[in-house]
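In: Quick one, fold the following:
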Amino acid sequence: MRIARLCSLLLLSGFAFAAQAKMVQKPVEWTQDGTTFHSVLVYDDAVTAKRPGLVMVPNWYGVNDGAIKKAEGIAGKDYVILVTDMYGEKIRPTSDDQAKAATKPLYTDRALMRKRIDLALEQLKAQGKSAPIDLTKLAAIGFCFGGSAVLDLARSGADVAAVVSFHGGLQTDDPSLAKNIKARVLVMNGADDKGTMPDADKFMDEMRGSKADWQFVVLGNAVHCFTETDQHSAGCAYDERAAQRSYRMMRDWLKGAFSNTP
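Out: Numbers count the residues shown, from 1 in each chain. As a prediction, this is how the structure comes out:
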């Protein structure tokens, strides 16, 4: 009876521990050129093992509840994700016009974009002191504007295993920077994305001029924003099929990059 009671207590304590485990949302701040950036580190604290770390740049609305929720869904028990602020803590767009204004300085000055995303990667590395990050397995993912940002991270020559862009912008200010790419580059865009697909040929020419391991995937019948669950307009709409396929491809791509296998 005592043994049974002890087992029951241990089982109940295990359930209690599981109930306490949750997705951590840890604020991470840094200052660059007088601007303070407020990002959020996301991971499941039910898992103690170290896991790959991802810099994630959200769509042009930046760091908000939706972006953090999205990061939690991607992170699961598999990744530690830094939801990255590219604008500064005082800029939190709530409309398309505000988001367009927020991205304009970075699209206009791509060197500034690269400088900011490079520092974000360093901030992710610094979190390895307190978060369960395997610092030998680092990558970056981005959505829409964020896709442009992580491609610029690759172009800067950052030492990451992979970058993955979802319905991201493909343009660059300097195609010759592609020679710097060390990461495996996976880019996924909707076939009917009228905002990004006109640049597809130039992007592929850019990648051909690099030594990168790259793949450009065109998702049929999808428009811009296909992973954004709150978007439903004609040219910017969530597509569950395209989203799920792209997430599976992302996970396969990261797995191969981290294990250095095809």
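In: Name all residues that make contact with the residue lying closest to residue 199 once chain neighbours are set aside.
Out: Using Cβ to Cβ, 6 or more residues apart in numbering and skipping the chain neighbours, the partner closest in space to residue 199 is residue 170 (4.1 Å). Where you see a C-beta, it was placed from the backbone N, CA and C, and this is true even at glycine. By Cβ atoms under 8 Å, 6 or more residues apart in numbering, the contact set of residue 170 is 148, 151, 187, 189, 196, 199-200, 202-203.
In: what do you get if the cut-off is 6 Å, keeping everything else the same?
Out: Going by Cβ atoms under 6 Å, 6 or more residues apart in numbering, residue 170 touches 196, 199, 203.
In: Identify all contacting residues around stretch 198-216.
Out: Here stretch 198-216 makes contact (Cβ under 6 Å, 6+ apart) with 170-171, 175, 178-179, 181, 184-187.
In: and the nearest residue to residue 155 once chain neighbours are set aside, how many neighbours?
Out: Closest residue in space to residue 155, ignoring its immediate chain neighbours: residue 177 at 4.0 Å, by Cβ to Cβ, 6+ apart. By the measure other Cβ atoms under 10 Å, the count of residues near residue 177 is 20.
In: Same check on the one 10 residues further on?
Out: Burial measure for residue 187: 24 neighbouring residues, criterion other Cβ under 10 Å.
In: Quick check: next helix or strand after the helix or strand bottoming out on mean pLDDT in the chain?
Out: Lowest on mean pLDDT, DSSP states H and E among the helices and strands of the chain sits helix 2-20, with a mean of 45. With elements assigned by DSSP states H and E, the helix or strand that comes after helix 2-20 is strand 23-32.
In: For that next one, give me every contacting residue.
Out: The contact list for strand 23-32 (Cβ under 6 Å, 6+ apart) reads 37-45, 72, 119, 123.
In: Format the CA atom coordinates belonging to it as PDB.
Out: Output of strand 23-32 as PDB, limited to C-alpha atoms (Å, rounded to 0.1, in the frame of the first residue of the first chain):
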ATOM      1  CA  MET A  23       6.100  28.600 -23.300                       C
ATOM      2  CA  VAL A  24       8.600  31.200 -22.000                       C
ATOM      3  CA  GLN A  25       8.300  34.700 -23.300                       C
ATOM      4  CA  LYS A  26      11.400  36.500 -22.200                       C
ATOM      5  CA  PRO A  27      12.000  40.100 -23.100                       C
ATOM      6  CA  VAL A  28      15.400  40.800 -24.700                       C
ATOM      7  CA  GLU A  29      16.500  44.400 -25.200                       C
ATOM      8  CA  TRP A  30      19.500  46.000 -26.800                       C
ATOM      9  CA  THR A  31      20.600  49.400 -28.000                       C
ATOM     10  CA  GLN A  32      22.200  50.200 -31.400                       C
END
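In: Show me what counts as buried in it.
Out: 23-24, 28 (16 or more other Cβ atoms under 10 Å).
In: and what of stretch 49-66?
Out: Applying 16+ other Cβ under 10 Å to stretch 49-66 flags 51-64 as buried.
In: and residue 119, what is it in contact with?
Out: residue 32.
In: Return the per-residue confidence for it.
Out: Among the per-residue scores, residue 119 shows a pLDDT of 98.
In: is it fair to say it lies in a helix?
Out: Yes. Counting by DSSP: H, G, I helix; E, B strand; the rest coil, residue 119 is found in a helix.
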